[in-house]
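Engineer: I would like the atomic coordinates for the input below:
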Amino acid sequence: MAKYLLLKHYRGAPAAVNDVPMDQWTQEEIAAHMQYMNDFAAQLEKTGEFVDGQALAPEGAWVRYDGEGRPPVTDGPFAETKDLIAGWMIIDVDSYERAVELAGELSAAPGAGGKPIHEWLELRPFYGTTPTITE
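Structural biologist: Sure thing, here's the model as predicted:
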């Protein structure tokens, strides 16, 4: 199995087909979207492909070490707001092709008007991990 990170972006990715920002959705549309995400994770739990996932708030800060005995330096909330990550899911799958298949399915989560978003998701393999299944 190989682990992949699926990243959902608030901004910065190519525009989705149903490109209405979530802050303009109704409470029902948000609930339907979250239910889809939870159902998707539950489906992957049954197949053993789900590792973890979380939604993230838009707030945050950059933090760095500033030397021995000095407090960390912060800057933010973010240098580039387009880079905000809305959430993530970690999957553990047999192949890159399966990771792409699942990312495509997750991209169809409903958005405004209950229509699929068809959003772009960033798919990233974990560094230094390779599939353990051989054919």
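Engineer: where do the helices sit along the chain?
Structural biologist: Using DSSP state H, the helices of the chain run over 27-47, 96-106.
Engineer: and those, which is most packed in?
Structural biologist: helix 96-106 (a mean of 16; mean count of other Cβ atoms under 10 Å). No exception for glycine: its C-beta is placed from N, CA and C like everyone else's.
Engineer: chain center to it: distance?
Structural biologist: 13 Å (Cα atoms, centre = their mean, to the nearest Å).
Engineer: packing partners for that helix?
Structural biologist: Helix 96-106 is packed against strand 2-9, helix 27-47, strand 85-93, strand 122-125, with contacts defined by 3 or more Cβ pairs under 8 Å, 6 or more residues apart in numbering; DSSP states H and E.
Engineer: coming back round to it: of all the helices of the chain, which lies closest to K115?
Structural biologist: helix 27-47 (9.5 Å; Cβ to Cβ).
Engineer: done for today, thanks.
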